[in-house]
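K.L.:
let's see this in three dimensions:
(one chain, ligands or ions: 2)
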Amino acid sequence: MQQSTDIHRRIAQISSHINPPINQQQQVEEGNLWRSDCRAKGGSPGFKVAILGAAGGIGQPLAMLMKMNPLVAVLHLYDVVNSPGVTADISHMDTGAVVRGFLGQNQLEDALTGMDLVIIPAGVPRKPGMTRDDLFNINAGIVKTISEGIAKCCPKAIVNLISNPVNSTVPIAAEVFKKAGTYDPRRLLGVTMLDVVRANTFVAEVLGLDPREVSIPVVGGHAGVTILPLLSQVKPACSFTKEETEYLTSRIQNGGTEVVEAKAGAGSATLSMAYAAVKFADACLRGLRGDAGVVECAFVPSQVTELPFFASRVRLGRSGVEEIYPLGPLNEYERVGLEKAKKELGGSIEKGVSFAKK
Ligand SMILES: NC(=O)C1=CN([C@@H]2O[C@H](COP(=O)(O)OP(=O)(O)OC[C@H]3O[C@@H](n4cnc5c(N)ncnc54)[C@H](O)[C@@H]3O)[C@@H](O)[C@H]2O)C=CC1
Ligand SMILES: O=C([O-])CC(=O)C(=O)O
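P.N.:
Ligands and ions are numbered 1, 2, ... in the order given. Alright, predicted model coming up:
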């Protein structure tokens, strides 16, 4: 009986200290049982992953799905608001990853220290009538601060950057890393996976196939005409009419706007984005583990075109991006699209670079 009371007291004590930040987890308070006193210390094999912006529309489902990923041993959830609640909630899932929460700027460094992969959905989303570039003024500063933290605390981590405008935020992160002397172009990836996910879905609808059987490379960038689906390279191989090509290209390029309008002021894609982000993060982790043949599209430092950054198919390995594939044969429609994409993309890249250099 005495033993059972002790156990209940201990459980109550643990519950009152759910997921304190890592520095507190390491300390033992007299009369209290911190999580660090428990026998399970998250020593299972796997990677350490941080999500920055974890309490947001993308961050929450992303955190939940990463907690379910068997490749993840430790999951750090950082935000400037509400991360303790999200952390407490997700930490109750009976999957392997140990979850720790971090709140506010002064816990950013603890959140980042020791991470193998950092996923960044921090920043404001669009409302109807806005372009992704309209988010630049707020999100550029957020990405710059976070990138400075990464350069300082986990310079060897793979970075998956989701915050928009991706065409400018990736160049910002690159400049911050260069300035800090930690830049490794293989480890910086802008997440364009949602464009591929949409392309596979919309093409499968038109062809009457299961989307899981369809694969379309989407190259360029992640905004409007910079999103260039290469429908001529669809797998399984098939051809499209001119009408189908125009309809599909336009729908893929405007997929984000379709969701922003449907949400009518309540934000942009969150659930499909979390799905896409996890698909991409899982590919990065499989690459880190040394799996062969992991290939996805991403917006990366690149020499595939004359632009310094470009989205294309990349092979992921132990160092991040280990190979960037050329675009392959394009048809006339795609060649015209490529020129339009490059024109807009060049300006967005330059905008990010000059912001970071200021
Ligand atoms: N790359 C892509 O394909 C996509 C990118 N996005 C972008 O992802 C970003 C996030 O979108 P949502 O999750 O819907 O927005 P949200 O507003 O629901 O969540 C953003 C989260 O970031 C947090 N945050 C703000 N400043 C921060 C800082 N300095 N450090 C850490 N966290 C901070 C907020 O507190 C919030 O919890 C937006 O910029 C959006 O445009 C959205 C969909 C697709
Ligand atoms: O459209 C937006 O603002 C969010 C986004 O990047 C997408 O859904 O592709």
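
K.L.:
measure Ala274 to Ala262 for me?
P.N.:
In this view, Ala274 and Ala262 are 17 Å apart by CB to CB, to the nearest Å. (C-beta placed from N, C-alpha, C; glycine too.)

K.L.:
check whether stretch 62-75 comes near ligand 2.
P.N.:
No: using CB under 6 Å from any ligand atom, stretch 62-75 stays clear of ligand 2, with a minimum separation of 13.8 Å.

K.L.:
with stretch 137-152 instead?
P.N.:
No: shown here: stretch 137-152 not in contact with ligand 2 (CB under 6 Å from any ligand atom), separated by at least 10.8 Å.

K.L.:
before we move on, back to that, neighbour count winner among Ala274 and Ala262?
P.N.:
Ala274 (23 against 11; other CB atoms under 10 Å).

K.L.:
that one contacts Leu65, doesn't it?
P.N.:
Yes: with contact defined as CB atoms under 8 Å, Ala274 counts as touching Leu65 (6.0 Å).

K.L.:
output the longest helix belonging to the protein.
P.N.:
Longest helix of the chain, by residue count under DSSP state H: helix 332-357.

K.L.:
what packs against that one?
P.N.:
helix 136-153, helix 166-180, strand 218-220, strand 227-229, helix 242-253, strand 309-317 (3 or more CB pairs under 8 Å, 6 or more residues apart in numbering; DSSP states H and E).

K.L.:
can you list those in JSON lines and add distance to Asp79?
P.N.:
Below are the helices and strands packed on helix 332-357 laid out as JSON lines (distance: least, CB to CB, whole Å):
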{"stretch": "helix 136-153", "distance to Asp79": "11"}
{"stretch": "helix 166-180", "distance to Asp79": "17"}
{"stretch": "strand 218-220", "distance to Asp79": "29"}
{"stretch": "strand 227-229", "distance to Asp79": "28"}
{"stretch": "helix 242-253", "distance to Asp79": "30"}
{"stretch": "strand 309-317", "distance to Asp79": "27"}
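
K.L.:
the strands in the stretch 1-150 of the chain, which residues?
P.N.:
Remark: strands assigned in the stretch 1-150 of the chain by DSSP state E, counting those that start in this stretch are 47-52, 72-79, 98-103, 117-120.

K.L.:
to Asp291, which of the ones you listed lies closest?
P.N.:
strand 47-52 (12.7 Å; CB to CB).

K.L.:
the closest one - contacts with which helices or strands?
P.N.:
By 3+ CB pairs under 8 Å, 6+ apart, strand 47-52 packs against helix 59-67, strand 72-79, helix 108-112, strand 117-120, helix 271-289.

K.L.:
the same query, at a cut-off of 6 Å, please.
P.N.:
Applying 3 or more CB pairs under 6 Å, 6 or more residues apart in numbering; DSSP states H and E, we find strand 47-52 packed against helix 59-67, strand 72-79, strand 117-120.

K.L.:
and the ones you listed: which comes nearest ligand 1?
P.N.:
Ligand 1 lies closest to strand 72-79 among those, at 4.7 Å (CB to the nearest ligand atom).

K.L.:
ok, and the closest non-adjacent residue to Lys284?
P.N.:
If you look again at residue 284, you'll see it is Cys, not Lys. Once flanking residues are discounted, Cys284 sits nearest to Ile158: 5.2 Å by CB to CB, 6 or more residues apart in numbering.

K.L.:
for ligand 2, what are the nearby residues on the stretch 101-250 of the chain?
P.N.:
Pro125, Arg126, Arg132, Asn164, Leu194.

K.L.:
sitting in helices, which of these do you find?
P.N.:
Short answer: those in helices (DSSP H) are Leu194.

K.L.:
make JSON lines out of the residues of the stretch 101-250 of the chain next to ligand 2 and add distance to Ile138, pLDDT and neighbour count.
P.N.:
Formatted as JSON lines, these follow (distance: CB to CB, whole Å; pLDDT from 0 to 100; neighbours: other CB atoms under 10 Å):
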{"residue": "Pro125", "distance to Ile138": "10", "pLDDT": "98", "neighbour count": "24"}
{"residue": "Arg126", "distance to Ile138": "11", "pLDDT": "98", "neighbour count": "23"}
{"residue": "Arg132", "distance to Ile138": "12", "pLDDT": "98", "neighbour count": "26"}
{"residue": "Asn164", "distance to Ile138": "10", "pLDDT": "98", "neighbour count": "26"}
{"residue": "Leu194", "distance to Ile138": "21", "pLDDT": "99", "neighbour count": "24"}
